[in-house]
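Participant: Quick one: sequence plus predicted model below, questions after.
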Amino acid sequence: MAAPCRLRERLPPPRHPDDGLPKSETTSPSDHRVCLRHPDYPKNVSTLLILAALDPHKNENSSQIRYGLHHETARIACAIVANCRWDGFLSESSRPDATPLALDPDDPLFGRDYYFHVPARDGDAGPYPTVPSFKHFTFPHNNLPPTWKAPELTLPSCPRDTIHARDESCRITASVLGNEIAHLVPQKEDAWFDANQMALYAVRAEALTNATNDTNNALLLRSDLHQAFDNRQFVFVPKWRAWAIHVLSGLPGEELAAVYHNVPPQALSGLAVEYLFARFAWTVLGQMMFVRTGVARRLVLLDEDGRSHTSDVSGKDCREDFLARGKSRSQSRSHSPKKRTLDDLVEDEWRDLSDSSDGNMDDSDWDTRGRPRKRML
């Protein structure tokens with residue numbers, strides 16, 4: 001006789017098969033933060049970035065667990081702020097004669113304060129300049145950091161296809177439910193995309209209404225992770241010569257870090273490494289607090305004609321120009337009916353996505369067909 005149907009057990013909270021990151025002995029956020037500083041300013045106004053230390057390491061002589069920050073991820077983040085100075089290095093000292101840390105790229109940083117130094121170039125005087133926002137960031141064509149160009153990081157190309165046909169499932173969880181198209185370079189950065197000639201890495205060189213709507217610039221993510229991605233909570237970066245998810249904030253016991261930090265994504269294909277790097281820069285520069293302290297800074301700025309220059313900007317102007325975050329205006333588009341082709345399927349996958357604004361969670365979410373789905377409150 002068949003067993004009667006009955007309720008199954010409730011699901012447990014999400015967890016990684018390895019049981020997640022070891023629990024920290026402290027729940028204080030300050031014990032899991034690393035301050036990355038500019039050496040040419042007073043310490044209290046020198047912070048470039050604050051990143052979470054989530055890499056666990058057990059001491060050999062005790063059961064104590066220390067948490068560190070991936071060295072190369074921190075160094076490249078600072079180098080982006082310093083206008084793509086890949087020759088820069090981290091040190092525990094702010095002195096001009098400071099020496100680089102004796103660490104490999106994949107080693108952890110266990111300290112809580114580090115200074116990012118840039119070797120002086122001929123004619124340089126004063127503090128090295130920093131990029132105040134993504135708008136003023138110039139993409140380093142043919143000059144990605146060496147650790148981003150390792151052969152193992154090369155992603156297989158993909159024939160012109162829809163993102164759903166290519167990815168099939170969330171590229172982090174492998175879930176087929178509730179997935180959405182997530183842009184690498186966000187749609188609201190279309191102007192930056194065009195100004196920096198990012199179409200060089202696109203599959204569809206022909207112009208769409210939104211330049212960022214290219215399959216090389218998007219992947220499938222489950223809706224909750226898409227939201228975290230657009231909130232600058234994690235990025236995809238090289239670690240140990242492979243792609244890995246790097247969580248930027250929070251504590252080890254929190255779900256995002258415990259389940260996803262240092263986890264490799266599902267197999268990636270049809271993405272441009274340049275767009276992954278641009279996403280990293282967008283995320284880092286969106287978190288930078290250096291220009292928000294009301295202190296005069298030396299900045300790298302772009303003129304209206306797109307030319308880069310260095311300028312000394314007052315603290316007042318820094319606050320007024322870079323503290324407020326504007327919202328880009330969305331544009332709508334329409335399609336005329338015509339015979340269905342593969343190009344039409346690709347085009348339809350982006351349909352109505354021009355109404356979205358990646359990175360601005362006040363706007364609509366998007367269902368797996370790219371149609372707007374208003375958030376239910």
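Facilitator: Done, it's in. These figures come from a predicted structure and were not determined experimentally.
Participant: low-scoring stretches of the stretch 51-200 of the chain, by residue?
Facilitator: 62, 160 (pLDDT under 70).
Participant: Run through the helices of it in chain order.
Facilitator: Using DSSP state H, counting those that start in this stretch, the helices of the stretch 51-200 of the chain run over residues 71-81, 163-167, 190-195.
Participant: roughly how far out does the longest one sit from the chain middle?
Facilitator: On the basis of CA atoms, centre = their mean, to the nearest Å, the separation between the geometric centre of helix 71-81 and that of its chain is 12 Å.
Participant: hmm, back to that, just name the most buried of the helices of the stretch 51-200 of the chain.
Facilitator: The highest mean neighbour count among those, using mean count of other CB atoms under 10 Å, belongs to helix 71-81: a mean of 24. The way it works is simple: take the backbone N, C-alpha and C, and place the C-beta from them, glycine included.
Participant: Can I get it in CSV, CA atoms only?
Facilitator: Taking Å, rounded to 0.1, in the frame of the first residue of the first chain, the C-alpha atoms of helix 71-81 are listed here in CSV:
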residue,chain,number,x,y,z
HIS,A,71,45.7,41.2,-2.1
GLU,A,72,45.3,41.6,-5.9
THR,A,73,41.7,42.5,-5.8
ALA,A,74,42.4,45.3,-3.3
ARG,A,75,45.5,46.4,-5.3
ILE,A,76,43.6,46.6,-8.6
ALA,A,77,40.7,48.4,-7.0
CYS,A,78,43.1,51.1,-5.7
ALA,A,79,44.8,51.2,-9.1
ILE,A,80,41.5,51.9,-10.8
VAL,A,81,40.9,54.8,-8.4
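Participant: For that helix, which outside residues touch it?
Facilitator: By CB atoms under 8 Å, 6 or more residues apart in numbering, the surrounding residues in contact with helix 71-81 are 34, 36, 48-49, 51, 85-86, 88-90, 101, 103-109, 114, 116, 130-131, 137, 145, 147-148, 237-239, 246, 280-281, 284-285, 288, 290.
Participant: and the gap between Leu271 and Ala2?
Facilitator: Plainly put, Leu271 is 48 Å away from Ala2 if you go by CB to CB, to the nearest Å.
Participant: Have a look at these two and say which one is more surrounded.
Facilitator: Set Leu271 next to Ala2 and count neighbours by other CB atoms under 10 Å: Leu271 wins out with 24 against 4.
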